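Participant: Sequence plus predicted model, see below.
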Amino acid sequence: MGWVILAVVVILVVGWLILTYNGLVTARNRTQEAWSEIDVELKRRHDLIPNLVNTVQGYMGHERGTLEAVTNARANAVAAGATGDPAKIGQAENMLSQSLRSLFAVSENYPDLKAISAFTNLQETLTATEDKLEFSRRFYNGNVRDYNTRLQTFPNSLIAGPFGFKPFGFFQADEGDRAVPQVSFGNMPPAGSPGSLPPAAGPGGPPGPGSAGPPPQS
(Lines give C-alpha, C1' and ligand atoms only; values in the text may rest on other atoms or scores of the structure.)
Protein backbone atom coordinates (compact mmCIF):
# COMPACT_ATOMS: atom_id res chain seq x y z
CA MET A 1 0.00 0.00 0.00
CA GLY A 2 2.85 2.33 0.85
CA TRP A 3 4.43 1.98 -2.58
CA VAL A 4 1.13 2.94 -4.23
CA ILE A 5 1.01 6.17 -2.25
CA LEU A 6 4.64 6.86 -3.11
CA ALA A 7 3.96 6.24 -6.78
CA VAL A 8 1.00 8.65 -6.72
CA VAL A 9 3.13 11.32 -5.04
CA VAL A 10 5.90 10.85 -7.61
CA ILE A 11 3.41 11.10 -10.47
CA LEU A 12 1.91 14.27 -9.01
CA VAL A 13 5.33 15.87 -8.53
CA VAL A 14 6.44 14.96 -12.04
CA GLY A 15 3.16 16.24 -13.46
CA TRP A 16 3.58 19.52 -11.59
CA LEU A 17 7.14 19.88 -12.86
CA ILE A 18 6.03 19.31 -16.45
CA LEU A 19 3.11 21.72 -16.24
CA THR A 20 5.18 24.39 -14.50
CA TYR A 21 8.07 24.07 -16.94
CA ASN A 22 5.79 24.21 -19.97
CA GLY A 23 3.98 27.21 -18.52
CA LEU A 24 7.24 29.09 -18.03
CA VAL A 25 8.37 28.24 -21.55
CA THR A 26 5.07 29.51 -22.95
CA ALA A 27 5.32 32.75 -20.98
CA ARG A 28 8.93 33.26 -22.08
CA ASN A 29 8.08 32.67 -25.75
CA ARG A 30 5.12 35.04 -25.49
CA THR A 31 7.39 37.74 -24.06
CA GLN A 32 9.98 37.26 -26.80
CA GLU A 33 7.22 37.43 -29.40
CA ALA A 34 6.01 40.69 -27.87
CA TRP A 35 9.53 42.09 -28.14
CA SER A 36 9.66 41.16 -31.83
CA GLU A 37 6.70 43.49 -32.41
CA ILE A 38 8.67 46.34 -30.85
CA ASP A 39 11.63 45.41 -33.03
CA VAL A 40 9.50 45.68 -36.17
CA GLU A 41 8.25 49.17 -35.29
CA LEU A 42 11.73 50.39 -34.34
CA LYS A 43 13.17 49.16 -37.64
CA ARG A 44 10.33 50.84 -39.55
CA ARG A 45 11.07 54.13 -37.80
CA HIS A 46 14.80 53.82 -38.46
CA ASP A 47 14.07 53.21 -42.16
CA LEU A 48 11.91 56.33 -42.46
CA ILE A 49 14.29 58.83 -40.85
CA PRO A 50 16.91 59.11 -43.66
CA ASN A 51 14.12 59.93 -46.12
CA LEU A 52 12.78 62.52 -43.70
CA VAL A 53 16.18 64.21 -43.33
CA ASN A 54 16.73 64.22 -47.10
CA THR A 55 13.30 65.76 -47.62
CA VAL A 56 13.58 68.60 -45.12
CA GLN A 57 17.21 69.65 -45.47
CA GLY A 58 16.53 71.50 -48.72
CA TYR A 59 14.01 73.69 -46.89
CA MET A 60 15.74 73.85 -43.51
CA GLY A 61 19.35 74.31 -44.61
CA HIS A 62 20.34 76.58 -41.73
CA GLU A 63 18.78 74.18 -39.17
CA ARG A 64 21.82 71.97 -39.49
CA GLY A 65 22.02 71.36 -35.75
CA THR A 66 18.48 69.99 -35.64
CA LEU A 67 19.07 67.71 -38.63
CA GLU A 68 22.36 66.43 -37.22
CA ALA A 69 20.68 65.73 -33.88
CA VAL A 70 18.13 63.51 -35.63
CA THR A 71 20.79 61.72 -37.67
CA ASN A 72 23.02 61.14 -34.64
CA ALA A 73 20.10 60.00 -32.49
CA ARG A 74 19.13 57.48 -35.16
CA ALA A 75 22.72 56.17 -35.31
CA ASN A 76 22.77 55.78 -31.53
CA ALA A 77 19.40 54.01 -31.58
CA VAL A 78 20.60 51.55 -34.23
CA ALA A 79 23.77 50.88 -32.21
CA ALA A 80 21.74 50.37 -29.03
CA GLY A 81 19.43 47.99 -30.88
CA ALA A 82 22.38 45.75 -31.68
CA THR A 83 22.97 45.21 -27.94
CA GLY A 84 19.50 43.72 -27.38
CA ASP A 85 19.36 45.45 -23.98
CA PRO A 86 15.87 46.96 -23.43
CA ALA A 87 17.27 49.57 -21.03
CA LYS A 88 19.86 50.84 -23.51
CA ILE A 89 17.44 50.60 -26.41
CA GLY A 90 14.76 52.47 -24.50
CA GLN A 91 17.12 55.31 -23.59
CA ALA A 92 18.40 55.68 -27.15
CA GLU A 93 14.90 55.54 -28.64
CA ASN A 94 13.72 58.18 -26.16
CA MET A 95 16.47 60.51 -27.40
CA LEU A 96 15.46 59.78 -30.98
CA SER A 97 11.83 60.60 -30.20
CA GLN A 98 12.85 63.91 -28.64
CA SER A 99 14.99 64.86 -31.64
CA LEU A 100 12.15 64.03 -34.03
CA ARG A 101 9.72 66.14 -32.02
CA SER A 102 12.19 69.02 -32.10
CA LEU A 103 12.46 68.66 -35.88
CA PHE A 104 8.70 68.71 -36.33
CA ALA A 105 8.42 71.69 -34.00
CA VAL A 106 11.01 73.61 -36.04
CA SER A 107 9.23 72.63 -39.28
CA GLU A 108 6.25 74.73 -38.17
CA ASN A 109 8.34 77.77 -39.13
CA TYR A 110 8.56 76.61 -42.75
CA PRO A 111 5.15 76.79 -44.51
CA ASP A 112 6.65 75.71 -47.85
CA LEU A 113 7.91 72.50 -46.25
CA LYS A 114 4.54 71.72 -44.71
CA ALA A 115 3.01 71.97 -48.19
CA ILE A 116 5.23 69.17 -49.53
CA SER A 117 3.29 65.91 -49.66
CA ALA A 118 6.43 63.81 -49.15
CA PHE A 119 7.07 65.56 -45.83
CA THR A 120 3.48 65.34 -44.60
CA ASN A 121 3.30 61.66 -45.59
CA LEU A 122 6.50 60.90 -43.70
CA GLN A 123 5.26 62.83 -40.69
CA GLU A 124 1.98 60.94 -40.67
CA THR A 125 3.73 57.59 -41.11
CA LEU A 126 6.15 58.32 -38.28
CA THR A 127 3.28 59.40 -36.04
CA ALA A 128 1.43 56.17 -36.81
CA THR A 129 4.61 54.22 -36.10
CA GLU A 130 4.97 55.98 -32.74
CA ASP A 131 1.41 54.97 -31.85
CA LYS A 132 2.07 51.34 -32.80
CA LEU A 133 5.34 51.41 -30.89
CA GLU A 134 3.60 52.66 -27.76
CA PHE A 135 1.00 49.89 -28.03
CA SER A 136 3.73 47.29 -28.56
CA ARG A 137 5.66 48.69 -25.62
CA ARG A 138 2.67 48.33 -23.31
CA PHE A 139 1.97 44.81 -24.57
CA TYR A 140 5.58 43.75 -24.07
CA ASN A 141 5.84 45.27 -20.59
CA GLY A 142 2.62 43.53 -19.60
CA ASN A 143 4.06 40.19 -20.67
CA VAL A 144 7.32 40.93 -18.86
CA ARG A 145 5.41 41.72 -15.68
CA ASP A 146 3.43 38.48 -15.83
CA TYR A 147 6.46 36.36 -16.73
CA ASN A 148 8.71 37.86 -14.05
CA THR A 149 5.96 37.42 -11.48
CA ARG A 150 5.68 33.73 -12.33
CA LEU A 151 9.43 33.33 -11.92
CA GLN A 152 9.40 34.93 -8.49
CA THR A 153 6.29 33.19 -7.17
CA PHE A 154 6.64 30.10 -4.99
CA PRO A 155 6.79 27.25 -5.89
CA ASN A 156 7.66 28.23 -9.49
CA SER A 157 10.85 29.82 -8.18
CA LEU A 158 12.06 26.37 -7.12
CA ILE A 159 12.53 25.26 -10.72
CA ALA A 160 12.95 28.58 -12.56
CA GLY A 161 16.61 28.97 -11.57
CA PRO A 162 17.77 25.38 -12.07
CA PHE A 163 16.15 25.27 -15.52
CA GLY A 164 17.71 28.58 -16.64
CA PHE A 165 14.68 30.86 -16.61
CA LYS A 166 15.70 34.48 -16.00
CA PRO A 167 13.66 37.71 -15.79
CA PHE A 168 13.30 40.10 -18.71
CA GLY A 169 13.92 43.83 -18.52
CA PHE A 170 11.15 46.37 -19.06
CA PHE A 171 11.16 48.69 -22.06
CA GLN A 172 10.39 52.06 -20.48
CA ALA A 173 9.72 55.57 -21.71
CA ASP A 174 11.05 58.32 -19.49
CA GLU A 175 9.35 61.61 -18.74
CA GLY A 176 11.52 63.46 -21.23
CA ASP A 177 10.15 61.27 -24.02
CA ARG A 178 6.59 62.30 -23.19
CA ALA A 179 7.35 66.02 -22.97
CA VAL A 180 6.82 68.14 -26.08
CA PRO A 181 9.96 70.25 -26.65
CA GLN A 182 9.57 74.02 -26.48
CA VAL A 183 11.13 75.76 -29.48
CA SER A 184 11.49 79.53 -29.73
CA PHE A 185 12.22 81.37 -32.96
CA GLY A 186 12.32 84.84 -31.43
CA ASN A 187 16.10 84.94 -30.97
CA MET A 188 17.07 82.94 -34.02
CA PRO A 189 19.90 84.75 -35.89
CA PRO A 190 19.41 85.29 -39.63
CA ALA A 191 21.20 83.00 -42.05
CA GLY A 192 24.72 84.14 -42.79
CA SER A 193 25.15 86.00 -39.50
CA PRO A 194 27.98 84.99 -37.10
CA GLY A 195 25.60 83.20 -34.77
CA SER A 196 23.74 81.27 -37.43
CA LEU A 197 24.28 77.62 -38.27
CA PRO A 198 26.19 76.78 -41.46
CA PRO A 199 24.29 75.36 -44.44
CA ALA A 200 23.63 71.65 -44.35
CA ALA A 201 25.98 69.34 -46.13
CA GLY A 202 24.71 66.79 -48.59
CA PRO A 203 22.27 64.03 -47.64
CA GLY A 204 23.63 62.03 -44.76
CA GLY A 205 22.78 59.43 -42.21
CA PRO A 206 24.23 56.14 -41.17
CA PRO A 207 23.67 53.21 -43.50
CA GLY A 208 21.21 50.43 -42.90
CA PRO A 209 19.36 50.16 -39.59
CA GLY A 210 20.08 47.19 -37.42
CA SER A 211 17.68 44.89 -35.72
CA ALA A 212 17.24 45.06 -31.99
CA GLY A 213 16.64 41.31 -31.72
CA PRO A 214 15.20 39.58 -28.67
CA PRO A 215 16.12 41.19 -25.36
CA PRO A 216 18.52 39.31 -23.12
CA GLN A 217 17.28 37.83 -19.89
CA SER A 218 19.05 39.58 -17.03
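Facilitator: Arrived safely, thanks for sending.
Participant: if you count residues, which helix in this protein comes out on top?
Facilitator: Secondary structure of the chain read by DSSP state H shows that its longest helix is helix 2-56.
Participant: for that one, what is the average pLDDT?
Facilitator: The average pLDDT within helix 2-56 is 91.
Participant: What is it packed up against?
Facilitator: In this structure, helix 2-56 packs against helix 64-83, helix 86-107, helix 117-152, helix 157-160, with contacts taken as 3 or more Cβ pairs under 8 Å, 6 or more residues apart in numbering; DSSP states H and E. Where you see a C-beta, it was placed from the backbone N, CA and C, and this is true even at glycine.
Participant: what angle do it and helix 86-107 make?
Facilitator: Orientation check (axes from the mean of the first three to the mean of the last three Cα atoms, to 10 degrees): helix 2-56 against helix 86-107 gives 30 degrees.
Participant: quick one: helix 2-56 to chain centroid distance?
Facilitator: Distance of helix 2-56 from its chain centroid, counting by Cα atoms, centre = their mean, to the nearest Å, is 18 Å.
Participant: picking that back up, let's have the helices and strands packed on helix 2-56 in JSON lines, adding mean neighbour count and mean pLDDT.
Facilitator: Formatted as JSON lines, these follow (neighbours: other Cβ atoms under 10 Å; pLDDT from 0 to 100):
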{"stretch": "helix 64-83", "mean neighbour count": "19", "mean pLDDT": "93"}
{"stretch": "helix 86-107", "mean neighbour count": "21", "mean pLDDT": "91"}
{"stretch": "helix 117-152", "mean neighbour count": "16", "mean pLDDT": "93"}
{"stretch": "helix 157-160", "mean neighbour count": "14", "mean pLDDT": "90"}
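Participant: Looking at the ones you listed, which is nearest to F170?
Facilitator: Distance to F170, taken as Cβ to Cβ, is lowest for helix 117-152 among the helices and strands packed on helix 2-56, at 5.2 Å.
Participant: now the angle between helix 2-56 and that closest one, please.
Facilitator: 160 degrees.
Participant: helices or strands up against helix 117-152?
Facilitator: Looks like helix 117-152 contacts helix 2-56, helix 86-107, helix 157-160 (3+ Cβ pairs under 8 Å, 6+ apart).
Participant: how does it look with 7 Å?
Facilitator: Contact here means 3 or more Cβ pairs under 7 Å, 6 or more residues apart in numbering; DSSP states H and E; on that basis helix 117-152 packs against helix 2-56.
Participant: Alright, that wraps it up for me.
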